[in-house]
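J.: all I have is the shape, not the residue letters:
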């Protein structure tokens, strides 16, 4: 669709859609903060964590950020609260708690 | 030096693809297209043509593979007919909307049932709305020329649309006619290398054909419609260049002996040549009749039609296809509709015949013109009539 | 491969995310885990073709796309045919010197409906023609995107919206079509079954499939908490149980030679796998026994093939 990404969808005109079926900005979904979907969120207890990285590996939304010191931090902008990380953690270092209303 | 050789229509089509140095051919055999794909297979096997020849598992896969190859940046060609053409139907929309300039030879064949293998345009008519540029060839020279210029038109950066060249099954595919072939060096000058502005490229990742919502679909479709309409201008320019280079000039509507003609007959495809003989006969007997031949079917050539019928009072449209339960052969319906607001004073008459390879003689074309004039004068009980159908 | 890695024992997993966050998959989507890990293995020089299904929509809906590699949606039944065209196109353009020689992976990522049912002809054709491409089937065992209608990959007994639990019939009456065997019968260089619950096995298989010259096929059991009526946090757990009970064995077939990747001395009872999922809730004890019997038979057959190949 060429480079009309500065407009919102409802501002786009047919003149902007010459190549309407080709979307040129890779990874633009990053603007959608899926974190607001969740009803529970992960809390990581650093003391129990052994930095194994399995939480990062299994997250369907890439919502665990590897930190410099080797720990992993949930990215609450995108975490959907599925709970996989808490299930796979071998040290039970991650608990899911209810989001406040 | 160009050379003039005897070629059947299928081989003319294959020769055009070869001279265009196609990169990928993905096709599935179906009568009467088989000679095209066989000839191309020979060319690839002998090293005459360096291309990836993909003998796919169905016509749906044929057009799908062409689509993938085209967006990867390869010049692509295929051919089919009737049932195979129907099978790939949904993919046709894909290729045009995705701006993939595939060129396809459609060896027009009647729709089954009854099962058959002979020529008519019912297959072509189902693709009216698919967004492809569509041409009808009258003879083997035109098959070659339309396919070759089709690559050039479709791949033009202002266009980037697929092109269909319709040609009569058997009557053209399997009949040998003299064809003038240009020199390869001339073709190379006429046809630059294919470049898609958004070809698949890992260094420039893009997403193709994402799902669109009601919020944006309409704008995308309108843009497609406008682009297809505007491609006619490019076709005209390309044909001018083609003519300058190779000596044969084409236009969306060809006019034959139309000077001072108050009655015009419109035809498409190979029977146009029989119609020419009928026109010659009537002219010799002093009747003011002329012939217009529709070459460009999509985008519909409105301006050229208006010019062609400027002096006519009666336009008889002969169709080699039928729209069951509808207002006549599709070309007749479209021509009538196109003229409706423009000309209140012209009578447009529709006749359908020659379905499934049934021939029409010169005499029958003369009858068609007579009957057409009669209907224009006195009306008819039906919205369109048939010719040569018993009963 | 360039970029940074995270070490898991002797396994290196690329840090690069070729699937961005912000995609619209359900919480706990097993397909998301699979795609994310597969892309880390494949790297940036990859073209993906995906037919209609969950991941033709959740990964990209105008104007957003989560894909950071070239990605195309294809029609439902033709991703194998489209990728045949893509790989042929690249190959001939390189042979003709029109683009520089480089390695580009042509990969189809398709659901079970698109693979087992509507796309089986195009897949078979592409395999037989020997195209150099990788086909990954993400099997969540139904047409999940359209609301959980059955496919030929739906296991026997599972409740779906078109094999509902009623008074006359309850759940899928037929057996799951064994796509791995059908593909293996094409005698292609590499066929494998995989599951995101065994992530390194999955990634190694993707790597093997991508590197092999010729067609490669990986059938991934990708748990779908939404459709399987499963708590989303159990996605990885359920995949593990599928393998440990023998319901979904992990194996490879290379030119007809079978190799079992995970072979427990004693399989866990299938009931442990079935009872966690709402789609099997209605099954009686007798029905579970029948399922157990069949799993045992199929597993024994597979083991025999693996033993014969090893000999």
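T.: Structure received. These numbers come from a predicted model, not from an experiment.

J.: am I right that residue C:259 is in a helix?
T.: No. Applying DSSP: H, G, I helix; E, B strand; the rest coil, one finds residue C:259 to be strand, outside a helix.

J.: pLDDT score for the residue lying closest to it once chain neighbours are set aside?
T.: Leaving aside its chain neighbours, residue C:259 sits nearest to residue C:252 (4.9 Å; criterion: C-beta to C-beta, 6 or more residues apart in numbering or on different chains). The C-beta positions use only the backbone N, C-alpha and C, and glycine is treated the same way. Here, the pLDDT recorded for residue C:252 equals 98.

J.: what of the one 5 residues further on?
T.: pLDDT, the model's per-residue confidence, is 96 for residue C:257.

J.: cool, residue C:2 as well?
T.: pLDDT, read off for residue C:2, is 52.

J.: check residue B:18 too.
T.: Note on residue B:18: pLDDT of 98.

J.: the one 4 residues further on now?
T.: Per-residue confidence (pLDDT) for residue B:22: 98.

J.: element containing it?
T.: Assigned by DSSP states H and E, residue B:22 belongs to no helix or strand.

J.: so the residue most central in space within chain A: helix, strand or coil?
T.: For chain A, residue A:78 is the residue whose C-alpha lies nearest the centre (C-alpha atoms, centre = their mean; 3.0 Å). Three-state call for residue A:78 (three-state DSSP): coil.

J.: would you mind listing what in the stretch 101-250 of chain C touches chain A?
T.: Applying C-beta under 8 Å from any C-beta of the partner chain, one finds that the stretch 101-250 of chain C approaches chain A through C:196, C:199, C:225, C:231, C:232, C:233, C:234, C:235, C:236, C:237.

J.: in chain A, what residue comes closest to chain C?
T.: Of all residues in chain A, the one sitting closest to chain C is residue A:83 (3.0 Å; C-beta to the nearest C-beta).

J.: contact partners for that residue?
T.: For residue A:83, the contacting residues are A:40, A:42, A:96, C:27, C:28, C:231, C:232, C:233, by C-beta atoms under 8 Å, 6 or more residues apart in numbering or on different chains.

J.: check residue C:6 too.
T.: With contact taken as C-beta under 8 Å, 6+ apart, residue C:6 is in contact with A:53, A:56, A:57, A:66, C:12, C:13, C:15.

J.: mind listing which of the contacts of residue A:83 are in strands?
T.: A:40, A:42, A:96 (DSSP state E).

J.: tabulate those (JSON lines), appending distance to chain B, neighbour count and pLDDT.
T.: Formatted as JSON lines, those follow (distance: C-beta to the nearest C-beta, whole Å; neighbours: other C-beta atoms under 10 Å in any protein chain shown; pLDDT from 0 to 100):
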{"residue": "A:40", "distance to chain B": "29", "neighbour count": "18", "pLDDT": "96"}
{"residue": "A:42", "distance to chain B": "30", "neighbour count": "26", "pLDDT": "97"}
{"residue": "A:96", "distance to chain B": "31", "neighbour count": "18", "pLDDT": "97"}
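
J.: want to throw the residues you listed into a markdown table with distance to chain C?
T.: Below are the ones in strands among the contacts of residue A:83 laid out as a markdown table (distance: C-beta to the nearest C-beta, whole Å):
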| residue | distance to chain C |
| --- | --- |
| A:40 | 9 |
| A:42 | 10 |
| A:96 | 7 |
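
J.: in TSV, list those along with distance to residue C:288.
T.: Compiled in TSV, those are given as follows (distance: C-beta to C-beta, whole Å):
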residue	distance to residue C:288
A:40	32
A:42	34
A:96	31
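
J.: okay, residue A:69: pLDDT?
T.: 94.

J.: my read is that residue B:326 contacts residue B:332, right?
T.: No. Residue B:326 is not in contact with residue B:332 according to C-beta atoms under 8 Å; the separation is 9.9 Å.

J.: more crowded one of the two?
T.: More neighbours surround residue B:332 than the other of residue B:326 and residue B:332, with 26 against 12 (other C-beta atoms under 10 Å in any protein chain shown).

J.: wait, the more buried one sits on residue B:339?
T.: No. Using C-beta under 8 Å, residue B:332 makes no contact with residue B:339, being 11.0 Å away.

J.: overlap of the contact sets of these two?
T.: Jointly contacting residue B:332 and residue B:339 under the rule C-beta under 8 Å, 6+ apart are residue B:348.

J.: residue 90: what secondary structure?
T.: The chain I'm using is chain A. Under three-state DSSP, residue A:90 comes out as coil.

J.: you looked at the wrong chain, it should be chain B
T.: Residue B:90 ends up helix, using three-state DSSP.

J.: and for it, the neighbour number?
T.: Counted with other C-beta under 10 Å, the neighbours of residue B:90 add up to 15.

J.: give the closest residue to it in space, chain neighbours not counted.
T.: In space, and not counting its chain neighbours, residue B:90 is closest to residue C:75: 6.0 Å by C-beta to C-beta, 6+ apart.

J.: contacts only, for the one you found.
T.: For residue C:75, the contact set (C-beta under 8 Å, 6+ apart) comprises B:64, B:90, B:91, B:94, C:51, C:52, C:82.

J.: I'd like the distance between whichever residue of the stretch 201-311 of chain C sits closest to chain A and residue C:275.
T.: Nearest to chain A, among the residues of the stretch 201-311 of chain C, is residue C:233, at 3.0 Å (C-beta to the nearest C-beta). To residue C:275, residue C:233 is 16 Å away according to C-beta to C-beta, to the nearest Å.

J.: when the two are compared, which one has more neighbours?
T.: Taking neighbours as other C-beta under 10 Å, residue C:233 and residue C:275 compare with residue C:233 leading, 20 against 13.

J.: list the residues that contact that one.
T.: Residue C:233 sits in contact with A:82, A:83, A:84, A:86, A:87, A:96, C:28, where contact means C-beta under 8 Å, 6+ apart.

J.: excluding sequence neighbours, find me the nearest residue to it.
T.: Spatially, and ignoring its direct neighbours in sequence, residue C:233 is nearest to residue A:83 (3.0 Å; C-beta to C-beta, 6+ apart).

J.: need the residues that contact the helix or strand hosting residue C:107.
T.: Using DSSP H and E, residue C:107 maps to strand C:105-111. Residues outside strand C:105-111 that contact it (C-beta under 8 Å, 6+ apart): C:35, C:38, C:42-43, C:45-51, C:53-55, C:74, C:79-80, C:82-83, C:86-87, C:90, C:119, C:131-140, C:143-145, C:210.

J.: partners of it, with directions?
T.: strand C:46-50 (parallel), strand C:134-139 (parallel) (DSSP bridges).

J.: now do it, average pLDDT.
T.: For strand C:105-111, the per-residue pLDDT averages 98.

J.: any idea which helix or strand comes after that strand?
T.: Heading C-terminal from strand C:105-111 (DSSP H and E), you reach helix C:112.

J.: wait, residue C:112 sits on residue C:137?
T.: Yes. With contact defined as C-beta under 8 Å, residue C:112 and residue C:137 form a contacting pair (6.2 Å).

J.: list the contacts of residue B:367.
T.: With C-beta under 8 Å, 6+ apart, residue B:367 has these contacts: residue B:387.

J.: quick check, it in a strand?
T.: No. Applying three-state DSSP, one finds residue B:367 to be helix, outside a strand.

J.: what's the burial count for residue 67?
T.: In the absence of a named chain, chain A is used. 10.

J.: wait, chain B was what I had in mind.
T.: Residue B:67: 30 surrounding residues under other C-beta under 10 Å.

J.: so what's the backbone phi/psi at residue B:387?
T.: phi -130, psi 140 (degrees, to the nearest 10).

J.: measure it to residue B:358 for me?
T.: 10 Å.

J.: what's the helix or strand for residue B:4?
T.: Per DSSP H and E: strand B:3-8 holds residue B:4.

J.: after that strand, which helix or strand is next?
T.: helix B:9-19.

J.: helices or strands next to that following helix in the packing?
T.: helix B:34-45, strand B:103-108, helix B:140-155, strand B:163-168, strand B:176-181 (3 or more C-beta pairs under 8 Å, 6 or more residues apart in numbering or on different chains; DSSP states H and E).

J.: sec struct for the residue located most distally from the centre of chain C, please.
T.: Residue farthest from the centre of chain C, counting by C-alpha atoms, centre = their mean, is residue C:97 at 35.2 Å. The three-state assignment at residue C:97 reads coil, by three-state DSSP.
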